[in-house]
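*Asks:* Predicted model and sequence below, questions to follow.
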Amino acid sequence: MNMTVLPDREKLLRQASELPLDQLDVSNWHLMQNDAIWPYFERLRKEDPVHYHADSRYGPFWSITRFDDIKAVDSNHQQFSSEGTISLIDVNEDFKTPMFIAMDQPKHDAQRKVVSPVVGPRNLAAFETLIRERSARVLDGLPIGETFNWVDRVSVELTTQMLATLFNFPFEDRRKLTRWSDAATVTEMSQEERRQEFLECLACFTELWHQRAHQEPGFDLISMLANGEATKDLVNQPMEYLGNIMLLIVGGNDTTRNSISGGVLALNQYPEEYAKLRADESLIPNMVAEIIRWQTPLAYMRRTALEDVEVGGKLIRKGDKVAMWYVSGNRDEDKFTDANRLIIDRPNARNHVSFGFGIHRCMGNRLAEMQLRVLWEEIMKRFEFVEVVGEPERVRSNFVRGYADLPVQLHPRKD
């Protein structure tokens, strides 16, 4: 993408303080893509933490920007519904793809329960050896002394390999999973192009379903869905099957992929933290939590008010859209000292909201943390410094805080 066509970052930053409060629209993807969102959220947290925006491209919606309010809304599924969609974009009635994250109880719990064992303790223990072997293989294959795209060679490759394992997906076709994940989360694709990608995904996974349904039950996601009491008829509801597959693809991809890239970028922006890591590699587990807080791979989740309800002194009406901005909650100065900085030994790093709260808390959070921990353990064995040598290219999205390109050079360890 030609970055010069994007709105001027300095202008966007300046507008954060100049625009009237009612014109602040944090759903504008230009702000995310230019990394200019932070003063907008800072202003809302201070001046209008439960903010109503009447005229966005997605229609009117409320922004919840403080940590405690986000946690309260996210935990309150009696008054705030996930039904229909978790995005500010309203459901296209001609192409609805229901998924359990966008369902309320009891259906949400029944479907989630079917697939959650894939990231249970038994599987996690087995996955660690596999993740370490793959991390070592990918890192050992990287070029020394030349610039390359860390996103493609490391972040995408490792997460896509893990996704292929979780689905028992044909390994040689694993990059299709990345493509379908991007189709669901970035805005550079027309609706018709997106529909075609989704239909290809559905056809592929329907074929895999029929193969697994006639085999002994396995411990992969498709086998679990095909044999689960609450999901065994999903193949006869193709849009709901597609919705759940897309949820599992995006959920298994974006948190880890963009935290892998974001961690490298953050350590370059705060070299004193990189030095701290070199001096004490036992900080890696806490650093992983801090990277996930600092990056916040999914910027928000949407809810719909089921009844009139007061939040932060504001009356949210029944039917109103509500965006819980995790990316703002994770920079809430009342919860995190010097919140905009990466601090790898931050005492409360694990208290971030990146994984959500309540019944919709991210199912794969432990697997994501393990992938990041193991990767950084292997990075530190090999490299003194993963140096960012150019500006990152961020994806065009207000939902995913991700990267398309992060140019780096590797400096091997001298010992």
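*Replies:* That came in fine, so what should we check first?

*Asks:* What's the first helix or strand after the host helix or strand of residue 224?
*Replies:* If you go by DSSP states H and E, residue 224 is part of helix 221-227. Using DSSP H and E, the next helix or strand after helix 221-227 towards the C-terminus is helix 238-269.

*Asks:* mind listing the strands for the stretch 251-400 of the chain?
*Replies:* For the stretch 251-400 of the chain, applying DSSP state E, counting those that start in this stretch gives strands covering 301-305, 309-311, 314-316, 321-324, 383-388, 393-394.

*Asks:* all strands in the stretch 101-250 of the chain, in order from the N-terminus.
*Replies:* Counting by DSSP E, counting those that start in this stretch, the strands of the stretch 101-250 of the chain are 148-149.

*Asks:* Go through the helices and strands of this protein and name the one with the lowest mean pLDDT.
*Replies:* Lowest mean confidence among the helices and strands of the chain (mean pLDDT, DSSP states H and E): helix 107-115, at a mean of 53.

*Asks:* hang on, residue 52 in a strand?
*Replies:* Yes: assessed by DSSP: H, G, I helix; E, B strand; the rest coil, residue 52 belongs to a strand.

*Asks:* now the closest residue in space to it that isn't next to it in sequence, what's its secondary structure?
*Replies:* With sequence-adjacent residues excluded and distances taken as C-beta to C-beta, 6 or more residues apart in numbering, residue 52 is closest to residue 62, at 5.5 Å. Every residue, glycine included, has its C-beta placed from N, CA and C. Using three-state DSSP, the three-state assignment for residue 62 comes out as strand.

*Asks:* any idea how far residue 62 lies from residue 156?
*Replies:* Distance check for residue 62 against residue 156: by C-beta to C-beta, to the nearest Å, it reads 34 Å.

*Asks:* again with residue 38
*Replies:* Distance of residue 38 to residue 156, given as C-beta to C-beta: 26 Å.

*Asks:* and what of residue 133?
*Replies:* 18 Å.

*Asks:* Ok, residue 66 next?
*Replies:* In this view, residue 66 and residue 156 are 33 Å apart by C-beta to C-beta.

*Asks:* swap in residue 195?
*Replies:* In terms of C-beta to C-beta, residue 195 sits 24 Å off from residue 156.

*Asks:* if you count what's nearby, which of these two comes out ahead?
*Replies:* residue 156 (24 against 15; other C-beta atoms under 10 Å).

*Asks:* what's near enough to touch the residue nearest to the more buried one when sequence neighbours are not counted?
*Replies:* Excluding its sequence neighbours, the residue lying closest to residue 156 (C-beta to C-beta, 6+ apart) is residue 178, at 5.6 Å. Applying C-beta atoms under 8 Å, 6 or more residues apart in numbering, we find residue 178 in contact with 156, 159, 160, 253.

*Asks:* One more: residue 25?
*Replies:* Contacts of residue 25 by C-beta under 8 Å, 6+ apart are 53, 55, 56.

*Asks:* mind checking how far the second one is from residue 28?
*Replies:* The one in question is residue 55. 12 Å.

*Asks:* now do the first one
*Replies:* Look at residue 53 and residue 28: by C-beta to C-beta, they are 10 Å apart.

*Asks:* Where does pLDDT dip in the stretch 51-200 of the chain?
*Replies:* 84-87, 89-120, 123, 186-189 (pLDDT under 70).

*Asks:* ugh, typo on my part, it should be the stretch 251-400 of the chain
*Replies:* In the stretch 251-400 of the chain (pLDDT under 70), the answer is 358-364.

*Asks:* just to revisit the earlier point, out of the strands of the stretch 251-400 of the chain, deepest packed?
*Replies:* Neighbour counts (mean count of other C-beta atoms under 10 Å) averaged over each of the strands of the stretch 251-400 of the chain peak at strand 321-324, with a mean of 25.

*Asks:* what sits against the residue lying closest to residue 344 once chain neighbours are set aside?
*Replies:* Of all residues not flanking residue 344 in the chain, residue 287 sits nearest, at 3.9 Å (C-beta to C-beta, 6+ apart). Residue 287 sits next to 263, 277, 344, 345, 349, 376 when contact means C-beta under 8 Å, 6+ apart.
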